[in-house]
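> Give me a model of this one.
(2 chains)
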Amino acid sequence: MLAYYLRLGLRSLRRNPILTTLMVLAIGVGVAASMTTYAVFRAVSANPIPGKSGQLFVPRIDIWGPQARTQGRRVPDMLSYTDAMALMRAHRAVNQAAIYPVGFTVVPQDSSVNPFAVKGDATYAEFFPMFDAPFAYGSGWDASEDEAHAAVVVISSRLNQQLFGGADSVGRTIHLDDHDYRIVGVLANWNPQPRFYDVNVYSRTFSGAPDFFVPFTHAVDLQTDTNGNSSCYGSAGRAPGWQGWLQSDCVWVSLWVQLPDTAAARAYRSFLKGYAAEQKAAGRFDWLPEVQLVGLRQWMDVEEVVPPETRMSLFLSIGFLLVCLINTIGLLLAKFMRRSAEIGVRRALGASRTEIVRQFLAESIMVGLAGGVAGLLFTGIGVLAIGLVFEPDIARLAHMNLSLMLLTILLSLAASMTAAFYPTWRAANVQPAWQLKSN
Amino acid sequence: MQIHPILAALRRHKAGTVLIALQIALTLAIVCNALFIIDQRLAHISEPSGVDEANLFVIKNLWGEQYSTQQAVERIEEDLNTLRQLPAVQDATPVDGYPMGTTNEDNFITMKPDQRAPTTDASFYTGDDHFLRTFGLKLIAGRDFRPDEIENKGLRDSIVPPVAIISKTMADKIYPNGDALGKTFYAMTPTPITIIGIVETLHRMDVSTWSAPYTGESMLTPVRMAMPIGIYYAVRAKPGQRDVAMGEARKALFAENRMRIIDPKDGILSFTEIRRRAFDSDRGMAILMGIICLVLLAITAAGIVGLTSFWVGQRRRQIGVRRALGATHRDILNYFMTENLLISLGGVLIGVLLTFGLNLWLVTRFTLNVLPLTYVLGGIVILLLLGQGAVLAPALRASRVPPIEATRPA
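Numbers count the residues shown, from 1 in each chain, chains lettered A, B, ... in the order given. The predicted structure is shown next:
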């Protein structure tokens, strides 16, 4: 019977092509607007490291004190060198890594090739196991090389392609900023988006993968400046030079710790509290610094990884879909009520209300399917045109895939069924006697 | 025109009436707020930079070798000579940031060294005695830097020059009486900085949302950066010769010294391009809101046409009766137009509430400004006109229903 109702619905839709087109377009456009902005939202709010996000935390320490807050400054989202090193030395987590972005110049051995700039991060050995970074060749360096301040480097597959044509380059040497580095590992294609591990120190959240990683200790030895953000408060009178910079209360280091369960997280939190109290006792602060241990998902919110534009367009598109829905309700109502006479006849011939409901819901399923196809088409166009509306870095991330297509069809069906609810109820309540009489 | 019979008839079409009114209300809410967002973004996009945009371009030059501060100073001097000798170039200056660029340096400004809450926040430019001329800034009071005031600054040197040229916006903010010239202020150090010059306009280095309250507040100190990493060169071409100069500059710099990196794609950017990139997301937002507005209005209009057509079809017999009883074409037309006006009025009434509700939410959630009343009034006019326009075709069709319909069965 359902198949028959579906065929009947299709026939009825063909009877008023203009009204039908209008409904299908309304659903299609409304769904497409929502799905296109959702595709962008989904891309920027994605979990960058599913399966492990619950174990990763960022410690924050309020080294600027309550006075800074009255001037509108937040608790710093980066650490000073002093604190980052203290937490690294204490080694209270399963894995932990301090990170800061650096930029180098590659001087190729072939002198006919011009030098070029590369961007990467200075970090610790545990970075790679903590973030499950996959290697194509070799591996990360180990803790002893951190301690030895070794000149080793892990390079990206892209840089390996550019310099060595994609061959296994482990053990070879590259020349970065006038210094030689031994390659210990080549990463496979790895670029979690958003680039959660340095969103605080590196402002391009959705950029391409870093070209290389070098030991933090070595980069500091070479006095390599941060290529990312740094923020100072009350450090105007700091000692000059590199040592003054390291000892200052300027924050520029990102630190991540892996804590496998809630007990470990609780223990780490109390360790942080203890550290803050210790620093106060040592006379570094005349206030007890507030400490926070922020989980990865919360960190995304703190850092406002999802641009407000993306959120705003998603909400406005949903409002838009709502208007399209109301529009469809009106049109379906008109369409169904125009057939009061037909309904009256069916009812008089013995069809139950349930049958009427089935018939008209089947018709709205057809509208929903047609709207879904239109929606898919418009979403496809929308996703292609995202580059016109969103920044290139973000537009690059949004794409059409099977789950988005399925969701589009489902949303269209759900929209048409919701829209059909009231008109169908009205149709089912048509009084047969009244209809027959007036004819 | 009698309103009472229309109201009585509407009571028999409650659902349709409510649906149209609701649709108009929601459309009004979204369109008003979207138009306001568009206007805000466009205003942001067209903020004046104060510089000679048509002839300016910026070279991002990274060194291919490690230089000491002194070496970097020498290389920069050589590069500047090379650039200034090019036939299409007017002047060039080394900078570490430029208006609407990607790097940003800013400082809190206070009026006393021990002041806690800052008076304002200014974008912190560094530049030499060619800065004003190269950027084409208009000095409206005081003087330019003298060559002997310029200090070279290497990595992590802390130099606080005692003088600065500031933008008029900043001058008006810290000295509202217009007597800023010769006065002092502090930029997060204990050293007082004397204002020696005021330029008409100089946009901040950034275009971000947080700095919106400080738009146009900039200060320039006589410092030439000599970083071991690299430097930006701002170059002003002779009028109309920018594109020629951009090509010449790259060739000449590489001919002078190969050990440098100027990205083949983004290494040299015209100011037109810099401005375009700075406001990418704003332009995108304006386009998106524009599309949403247009499609939304179209859908609402289509919905009104659809539902009114249905009503006309349903009431052919009644229309016939009225026509038979002496109603003119015009009477019928007026009936449907007035009916739509009443529904639309109801819709915009709810819509005004929704509009301010939506705006309030956007204000708290996305730090949008409070919607001015003119937008709501404009939106109401647009929607009332839209409703009347949409209803015209079905209403005309209704007015052409012949009186003979009265005698036919429905």
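> got the contact list for the residue of the stretch 1-150 of chain A found nearest chain B?
Per CB to the nearest CB, the residue of the stretch 1-150 of chain A with the smallest distance to chain B is A:P115, at 3.7 Å. The way it works is simple: take the backbone N, C-alpha and C, and place the C-beta from them, glycine included. A:P115 is in contact with A:105-108, B:64, B:259-261, counting by CB atoms under 8 Å, 6 or more residues apart in numbering or on different chains.
> the helices in the stretch 151-300 of chain A, which residues?
A:157-164, A:216-221, A:241-247, A:262-281, A:296-302 (DSSP state H, counting those that start in this stretch).
> hang on, B:A237 packs against B:D91?
No: counting by CB atoms under 8 Å, B:A237 does not reach B:D91; the two are 9.5 Å apart.
> More neighbours: those two, which one.
Per other CB atoms under 10 Å in any protein chain shown, whichever of B:A237 and B:D91 has more neighbours is B:A237, with 25 against 19.
> Can you tell me who the more buried one pairs with across the strands?
When assigned by DSSP bridges, B:A237 has beta-bridge partners B:V89.
> From B:N55, how far off is it?
Taking CB to CB, to the nearest Å as the measure, B:A237 falls 5 Å from B:N55.
> Could you do B:G136 as well?
B:G136 is 7 Å from B:N55, by CB to CB.
> what is in contact with the two at once?
B:R236.
> the more surrounded of those two?
B:N55 (22 against 17).
> Contact partners for the more buried one?
Contacts of B:N55 by CB under 8 Å, 6+ apart are B:90, B:136, B:236-242.
> try 6 Å
Going by CB atoms under 6 Å, 6 or more residues apart in numbering or on different chains, B:N55 touches B:236-237, B:239, B:242.
> and those residues as a markdown table, adding distance to A:K335 and pLDDT?
Formatted as a markdown table, these follow (distance: CB to CB, whole Å; pLDDT from 0 to 100):
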| residue | distance to A:K335 | pLDDT |
| --- | --- | --- |
| B:R236 | 66 | 96 |
| B:A237 | 65 | 95 |
| B:P239 | 65 | 94 |
| B:R242 | 61 | 94 |
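> tell me the contacts of residue 138?
You didn't pick a chain, so chain A it is. A:G138 touches A:170, A:184-185, counting by CB under 6 Å, 6+ apart.
> To clarify, I was referring to chain B.
B:E200.
> Could you measure from it over to B:Y233?
22 Å.
> now swap in A:G274 and tell me
Taken as CB to CB, the span from A:G274 to B:Y233 is 51 Å.
> for B:V305, same thing?
60 Å.
> one step back: pick out the most distant pair among the contacts of B:N55.
B:R236 and B:P239 (9.6 Å; CB to CB).
> Enumerate the residues of chain B near chain A.
Selection of chain B residues close to chain A by CB under 6 Å from any CB of the partner chain yields B:15, B:19, B:22-23, B:26-27, B:30, B:62, B:64, B:66, B:117, B:156, B:158, B:188-189, B:261, B:280-281, B:284-285, B:287-288, B:292, B:295-296, B:299, B:302-303, B:306-307, B:310, B:366.
> Give me every residue in the stretch 1-150 of chain A lying close to chain B.
Near chain B, when you scan the stretch 1-150 of chain A using CB under 6 Å from any CB, you find A:19, A:22, A:26, A:29, A:71, A:105, A:115-117.
> Sitting in strands, which of the residues you listed do you find?
Counting by DSSP state E, those place A:105, A:116-117 in strands.
> Name the member of the residues you listed with the most neighbours.
Neighbour-wise, those (other CB under 10 Å) top out at A:T105, 22 neighbours.
> which among the contacts of A:G138 gets closest to chain B?
A:V184 (23.6 Å).
> Quick check: the closest one vs A:D221, distance?
In terms of CB to CB, A:V184 sits 18 Å off from A:D221.
> Over to B:N369?
The gap separating B:N369 from A:D221 is 50 Å, by CB to CB.
> what's the neighbour count on B:P161?
When neighbours are counted by other CB under 10 Å, B:P161 comes out with 18.
> Isn't it up against B:R224?
No: taking CB atoms under 6 Å as the definition, B:P161 is not a contact partner of B:R224, at 10.8 Å.
> Any residue of stretch A:305-320 touching chain B?
Yes: counting by CB under 6 Å from any CB, chain B has neighbours in stretch A:305-320: A:308-309, A:312-313, A:319-320.
> I would like the residues contacting that stretch, please.
The contact list for stretch A:305-320 (CB under 6 Å, 6+ apart) reads A:30, A:33-34, A:37, A:40-41, A:44-45, A:194, A:205, B:30, B:281, B:285, B:288, B:292, B:296, B:366.
> Next, the contact list for the residue nearest to the spatial centre of chain B, please.
Centroid-nearest residue in chain B, with CA atoms, centre = their mean: B:H44, separated by 2.4 Å. Residues near B:H44 by CB under 6 Å, 6+ apart: B:D282.
> and the gap between it and B:S211?
Applying CB to CB to B:H44 and B:S211 gives a distance of 11 Å.
> likewise B:F336?
53 Å.
> For the two, indicate the residue with more neighbours.
Of the pair B:F336 and B:S211, B:F336 is the one with more neighbours under other CB under 10 Å, namely 23 against 17.
> Any chance of TSV for the contacts of B:N55, columns distance to A:V94?
As requested, the contacts of B:N55 are exported to TSV (distance: CB to CB, whole Å):
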residue	distance to A:V94
B:R236	56
B:A237	58
B:P239	64
B:R242	57
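> Strands along the chain, start to end?
Just going to use chain A. Counting by DSSP E, the strands of chain A are A:56-61, A:79-80, A:95-106, A:116-123, A:135-138, A:152-155, A:173-176, A:179-187, A:212-215, A:251-258, A:291-295.
> wait, I meant chain B there
So, for chain B - with DSSP E - the strands run B:56-63, B:89-95, B:106-109, B:120-127, B:139-142, B:151-153, B:163-167, B:184-185, B:193-199, B:218-225, B:230-237, B:260-261, B:268-270.
> near chain B at all, the longest helix that chain A contains?
When every helix of chain A is counted residue by residue (DSSP state H), the longest turns out to be helix A:353-384. No: Helix A:353-384 is not in contact with chain B by CB under 6 Å from any CB; minimum separation 9.6 Å.
> low-scoring stretches of the stretch 301-439 of chain A, by residue?
A:436-439 (pLDDT under 70).
> Let me see the ranges of the helices in it.
A:308-337, A:340-348, A:353-384, A:386-389, A:392-395, A:402-428, A:432-438.
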